[in-house]
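In: Generate coordinates for the sequence data below:
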Amino acid sequence: MQQPFVLAACAEMIWRDRPIEWRAACLAEMGFQVGLWNWPDHDVNALERSGATFSIMNGYLTGRLADDEGADELLRSARETAQVGKHLGVARLNLHGTGLGPGGLPARPAEIVTGAMWLKARDTLCRIVELAEEENVVFTLENLNLSVDHPGTPFGRAADTLALVSSVNHPRLRLNLDLYHVQIGEGNLIETCRACLPWIGEVQVADVPGRCEPGTGEINYHAIARALFEMGYRGPVGMEAFAKGDPAVALEAFRAAFTV
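Out: The predicted structure is shown next:
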């Protein structure tokens, strides 16, 4: 048995009664990299002192892909966030089709995505790539489920994010392939991984239902780990999940699921 993947965990979702820098330090001590959400919620200097290695962080605070005003705001916000990401050494800066507000709901819902919106979204991502080149960072575009957690989010399906990222086809723009969201919205996880493989920057996981650690729901993450390994994937896998019980036990279940 071996551990071929770089494992990380979202610090916001575990030990939620403890300071974020404590969580980051604890994850580092257990051998995990750390995922974060929005940096203004935290003391960035305290996070830096935690000694953690940061796998991913939201790469923007406001903005949207598919309209002129939103795109300009996204680029402004992403440039500001890139400075913080570089300060912390964050490997990937994460994007969505539109900014997310309270409860993960889209700041500007779009039940219908037009052809013009698709073209504008691709143009915005090309601008993101130019920014990434200037700042020497990598952005990812994350898929989200539309039926449970993020209704009305444009470009939410894995098929949508794959279409956009593959059409830009640049090493500074990758997929954040979230298999929790894929399972709820589309299913067919292993074949989705295979289709996305050339453009994956990170794989994120949680079980369904409940959004807790692997082994608490219906997804066979052992099989997915084996399939990813056989495809040649050796990149990061992040647990973006709540702990059903003891967070340390949940993290070890995650580690075991991705040991092949």
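In: The most centrally placed residue in the chain is in what secondary structure piece?
Out: In the chain, the residue lying closest to the centroid (CA atoms, centre = their mean) is Asn176, at 4.6 Å. Using DSSP states H and E, the element containing Asn176 is strand 173-178.
In: Does the residue nearest to the centre of the chain touch Leu141 like I think?
Out: Yes. Assessed by CB atoms under 8 Å, Asn176 is found in contact with Leu141 at 6.6 Å. Every C-beta, even on glycine, is put in place using the N, C-alpha and C of the backbone.
In: where do the contact lists of these two overlap?
Out: Asn94 (CB atoms under 8 Å, 6 or more residues apart in numbering).
In: rewinding a little: contact partners for the residue nearest to the centre of the chain?
Out: Ile56, Arg92, Asn94, Thr140, Leu141, Glu142, Asn143, Gly201, Glu202, Gln204.
In: Any chance of these in JSON lines with distance to His150 and secondary structure as columns?
Out: Listed next are the contacts of Asn176 as JSON lines, based on distance: CB to CB, whole Å; DSSP: H, G, I helix; E, B strand; the rest coil:
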{"residue": "Ile56", "distance to His150": "17", "secondary structure": "strand"}
{"residue": "Arg92", "distance to His150": "20", "secondary structure": "strand"}
{"residue": "Asn94", "distance to His150": "14", "secondary structure": "strand"}
{"residue": "Thr140", "distance to His150": "16", "secondary structure": "strand"}
{"residue": "Leu141", "distance to His150": "14", "secondary structure": "strand"}
{"residue": "Glu142", "distance to His150": "10", "secondary structure": "strand"}
{"residue": "Asn143", "distance to His150": "10", "secondary structure": "coil"}
{"residue": "Gly201", "distance to His150": "20", "secondary structure": "strand"}
{"residue": "Glu202", "distance to His150": "18", "secondary structure": "strand"}
{"residue": "Gln204", "distance to His150": "14", "secondary structure": "strand"}
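In: Return stretch 68-77 as PDB; C-alpha atoms alone will do.
Out: Extracted in PDB, the C-alpha atoms of stretch 68-77 (Å, rounded to 0.1, in the frame of the first residue of the first chain):
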ATOM      1  CA  ASP A  68     -18.300  43.000 -18.400                       C
ATOM      2  CA  GLU A  69     -18.800  44.600 -15.000                       C
ATOM      3  CA  GLY A  70     -18.500  41.300 -13.200                       C
ATOM      4  CA  ALA A  71     -15.400  40.300 -15.200                       C
ATOM      5  CA  ASP A  72     -13.600  43.600 -14.300                       C
ATOM      6  CA  GLU A  73     -14.500  43.100 -10.700                       C
ATOM      7  CA  LEU A  74     -13.300  39.500 -10.700                       C
ATOM      8  CA  LEU A  75      -9.900  40.500 -12.200                       C
ATOM      9  CA  ARG A  76      -9.500  43.300  -9.600                       C
ATOM     10  CA  SER A  77     -10.400  40.900  -6.800                       C
END
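In: Return the distance of that stretch from the chain's centre.
Out: Counting by CA atoms, centre = their mean, to the nearest Å, stretch 68-77 is centred 20 Å from the centre of its parent chain.
In: One more: stretch 71-80?
Out: 18 Å.
In: Same question for it: list its buried residues.
Out: For stretch 71-80, the neighbour count (16 or more other CB atoms under 10 Å) marks Ala71, Glu73, Leu74, Leu75, Ser77, Ala78 as buried.
In: Cool, thanks, signing off.
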